[in-house]
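Novice: For reference, the sequence and a predicted model appear below.
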Amino acid sequence: MRTIIAALTIGIIACQSVPTEVPELEPKEYFQRAQEAVVERGDYNTALFYYQTFLERHSDQLQLSVEAEYEIAFIHYKLGDEALARGEFAALLEKYRGDVAQVLPRWPMVLSENVLSEMDLSVTAEE
């Protein structure tokens, strides 16, 4: 029985491995695949891989890039790496102080501010 459980566990873990290559996709497909990885399998590493691959290939798409950056920062926050997430949220918010702010979607800014506020509250509560 233990052998069967061990084999099943290994099979499940193998299915959740992060892809090493991503074919060229339409921009929104990177987001779709990342969301599927999180929602269907709780696989944050694969989601990060898709968002990062999107940024590498399509950094010229400013609006989608800030969305991907928000998702990356939020995943790091969810994974408990608050220091990294805080830096990523801050870098994202800095873009809203620049010349391109007018063309960027507002929701990544608002949600980034909310998460940073939540992190600040939890630090204050711990003190």
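Specialist: Done, it's in.
Novice: Show me what secondary structure element comes after the worst-scoring helix or strand of the chain on mean pLDDT.
Specialist: Evaluated with mean pLDDT, DSSP states H and E, the helix-and-strand set of the chain has its lowest mean pLDDT in helix 2-15, which scores a mean of 42. Helices and strands here follow DSSP states H and E; after helix 2-15, the next one along the chain is helix 27-41.
Novice: Any regions of this structure where pLDDT drops low?
Specialist: Across the chain, the stretches falling below the confidence threshold (pLDDT under 70) are 1-16.
Novice: can I get the CA coordinates of the longest helix anywhere in the chain in CSV?
Specialist: Secondary structure assigned by DSSP state H gives helix 107-126 as the longest helix of the chain. Output for helix 107-126, consisting of C-alpha atoms alone and laid out as CSV, is shown next (Å, rounded to 0.1, in the frame of the first residue of the first chain):
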residue,chain,number,x,y,z
TRP,A,107,-6.1,48.1,-10.7
PRO,A,108,-2.5,47.0,-10.3
MET,A,109,-1.7,50.3,-8.5
VAL,A,110,-4.7,50.1,-6.2
LEU,A,111,-4.2,46.5,-5.3
SER,A,112,-0.4,47.0,-4.8
GLU,A,113,-1.2,49.8,-2.4
ASN,A,114,-3.7,47.7,-0.6
VAL,A,115,-1.3,44.7,-0.1
LEU,A,116,1.5,47.0,1.1
SER,A,117,-0.9,48.6,3.6
GLU,A,118,-1.9,45.1,4.7
MET,A,119,1.7,44.2,5.2
ASP,A,120,2.4,47.4,7.2
LEU,A,121,-0.6,46.6,9.4
SER,A,122,0.6,43.1,10.1
VAL,A,123,4.1,44.4,11.0
THR,A,124,2.5,47.0,13.3
ALA,A,125,0.3,44.3,15.0
GLU,A,126,3.3,42.1,15.6
